[in-house]
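Chemist: Sharing a model prediction with you, sequence too.
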Amino acid sequence: MGEYEIGRVIYLVVLLVAVGSWVFVQNRQNIGKTLQMFAVWGFIFLGVIASYGLWEDIRQTVRPQQSVAVDAGRVEVPRAPDGHYYLTLEVNGATVPFLVDTGASEVVLNARDAERAGIDTDALAYLGRARTANGEVRTASVWIEEMSLGGITDTNVRVWVNQGELEQSLLGMGYLQRWSSIEIRNGALVLTR
C-alpha cells in the first residue's frame, strides 16, 4: 500500500470513529436499539457486497440456456441479454462456446479454444488473412474431425484459428450453411436439419 492509500485509510477510519462516536452519544439512552440498527445496516451492507461479488455467477444462472430438440433435428437457443446468440458445441470432444456470427464467412476458433480441441497452435502456419472490425489478423486453416451440436454431428469441418486477440470463438456461415433452415423466431435462433 502506498502513502496515498495509507492516508486515505487513516482518514476513513478517523471519519468512521467520529461518526460512530456521534451516533453512540446521541443514542446512549437506547444502546440496545442502536446496536440492533447497526446490525441491520451491517447485514444490508454485507448483502450488497456479496451480490456484487457473485453477480457473474447469478447472471450465468439467470441467463437463458441452450435448448436442444434432437429428435426433430432442431436446435433452438434464446437470445442472450446482450442481444447475441451463443451455442455450445463439442469440437473434437472438447466443449467450446461460440458466438453465432452470420457476418463471419467461416468458423473461427480463438487460440484457447483451439488448444482445448487438441490443435497445436504453435505448429500452425498462419498464412490466411481476415479482415475484422479490429483490423486485419492472420489465420490458419484446420480440419476438425467432429463438431457436434445437440447430438447432430458433422465430420471434416474446416475452421480457422485466429492468431490475434479474439475473446470468443465465432460460429460463422461455414458451419451454419450445413443446416437446412436458419431463422429467428420470437427472440430465439432456430436451426433445423
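Modeler: Now that the structure is in, tell me what you want to look at. Numbering: from 1, shown residues only.
Chemist: Heading C-terminal from the worst-scoring helix or strand of the chain on mean pLDDT, find the next helix or strand.
Modeler: Sorted by mean pLDDT, DSSP states H and E, the helices and strands of the chain end with strand 67-69, the least confident at a mean of 58. Using DSSP states H and E, the helix or strand that follows strand 67-69 towards the C-terminus is strand 74-78.
Chemist: just checking, what packs against that following strand?
Modeler: Strand 74-78 sits against strand 67-69, strand 86-91, strand 188-192, with contacts defined as 3 or more CB pairs under 8 Å, 6 or more residues apart in numbering; DSSP states H and E. C-beta: built from backbone N, CA, C; applies to glycine.
Chemist: Do you know the pLDDT at residue 118?
Modeler: We have a pLDDT of 92 for residue 118.
Chemist: what sits against it?
Modeler: 92-94 (CB atoms under 8 Å, 6 or more residues apart in numbering).
Chemist: Look up which residues are beta-bridged to the residue lying closest to residue 72 once chain neighbours are set aside.
Modeler: Counting by CB to CB, 6 or more residues apart in numbering, the nearest residue to residue 72 once its immediate chain neighbours are dropped is residue 192, at 7.8 Å. Beta bridges link residue 192 to residue 74, residue 181, judged by DSSP bridges.
Chemist: And for residue 138?
Modeler: Here residue 138 sits in beta bridges with residue 129, as judged by DSSP bridges.
Chemist: That one reaches residue 124, doesn't it?
Modeler: No: in terms of CB atoms under 8 Å, residue 138 does not count as a neighbour of residue 124; the distance is 9.8 Å.
Chemist: Roughly how far does the closest residue to residue 106 other than its chain neighbours sit from residue 105?
Modeler: Spatial nearest neighbour of residue 106, excluding adjacent residues (CB to CB, 6+ apart): residue 174 at 4.1 Å. Applying CB to CB, to the nearest Å, the value for residue 174 to residue 105 is 6 Å.
Chemist: quick one: which of the two has more around it?
Modeler: Counted by other CB atoms under 10 Å, residue 174 and residue 105 do not tie: residue 174 has more neighbours, with 17 against 14.
Chemist: Next up, the contacts around that one.
Modeler: Residues near residue 174 by CB under 8 Å, 6+ apart: 105-107, 157-159.
Chemist: Using pLDDT, spot the least trustworthy of the residues you listed.
Modeler: Ranked by pLDDT, those bottom out at residue 105, which has 86.
Chemist: Just confirm that one contacts residue 172, I think it does.
Modeler: Yes: contact criterion CB under 8 Å: residue 105 and residue 172 qualify, at 5.6 Å.
Chemist: Name the helix or strand for residue 83, please.
Modeler: Under the criterion DSSP H and E, no helix or strand holds residue 83.
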